[in-house]
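Asker: A predicted structure for the sequence below; I have some questions about it.
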Amino acid sequence: MNHPLIDILQTVRFFANAFDQVIPYMSTLQQPSADKALIYVLRSRSMVGAALQARLGVDSKWVGVNRPGNYFYFELEPGPHYFCVEAVKMEHGLLSLVVEKGKTYFLQQEITMTGTDLEVLDPGKAQELLAKYHRSIFEEKSRK
C-alpha cells in the first residue's frame, strides 16, 4: 500500500507529463481586433495547486480554464471589466481593469497556499513566459 504522499507525487507527475501533450506556443502573438482588447491569461508553473484547474471569469461569466504552464486568450469590448480566478474551495483572486480597443493585456493566474491570485504582467515578461508555455484548448460543456 502506497503512502498518501507518494500518491500525491504520482498525480503531480502525471499532470506534469500531460502538459507536454497540449498545443505548443505559437511563434507570433495574436493581434487584437481594431475595436476590441485582447486578453492573454497565463497560469504559473508553480507546484502549489498543480493538480487543480484555475478558471477565469470576466464580468460574472466563466471564459476559460488553465493548468500550470498553460495560457489562453480571448477578446473583450473596451471599458471596465472585473476578473475573477477560482480554484476548488480556495479564496478567489480578483482584479478590475479598464481595457482599451486595439491593445493586448497579459494576466497571470496563480494558486498559492492561501488561495488564488491574479495580476497584470509586464508584456516583456509575458512574452518570455509564453515562449515556454502551451496553449489551453477547452470547450464549454453543455448542461443537461
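Answerer: Sure, I can see it. Residues are numbered from 1 along each chain as shown.
Asker: from now on I want contacts and neighbour counts done on CA atoms only, so please keep to that.
Answerer: Fine.
Asker: what's the burial count for the nearest residue to Ser33 once chain neighbours are set aside?
Answerer: The shortest distance from Ser33 to any non-neighbouring residue, by Cα to Cα, 6 or more residues apart in numbering, is to Gly102 (6.1 Å). The number of residues packed near Gly102 is 16, by other Cα atoms under 10 Å.
Asker: how much space between Gly102 and Asp35?
Answerer: 6 Å (Cα to Cα, to the nearest Å).
Asker: and if you look at Gln127?
Answerer: From Gln127 to Asp35 the distance is 23 Å (Cα to Cα).
Asker: before we move on, what about Arg135?
Answerer: 24 Å.
Asker: which of these two has more residues huddled nearby?
Answerer: More neighbours surround Arg135 than the other of Arg135 and Asp35, with 21 against 13 (other Cα under 10 Å).
Asker: shouldn't Ala54 be in contact with Val63?
Answerer: No: assessed by Cα atoms under 8 Å, Ala54 is found out of contact with Val63, at 11.2 Å.
Asker: SS state for Gln127?
Answerer: helix (DSSP: H, G, I helix; E, B strand; the rest coil).
Asker: over to Gly64?
Answerer: Gly64 - assigned by three-state DSSP - is strand.
Asker: tell me what it is bridged to.
Answerer: The bridge-partner assignment for Gly64, based on DSSP bridges, gives Leu56.
Asker: just give the number of residues close to it.
Answerer: Neighbours of Gly64 (other Cα under 10 Å): 21.
Asker: check Ala126 too.
Answerer: 18.
Asker: quick one: contacts for it?
Answerer: Phe106 (Cα atoms under 8 Å, 6 or more residues apart in numbering).
Asker: ok, now how distant is it from Ile39?
Answerer: Counting by Cα to Cα, the gap from Ala126 to Ile39 is 12 Å.
Asker: fine by me, we can end here.
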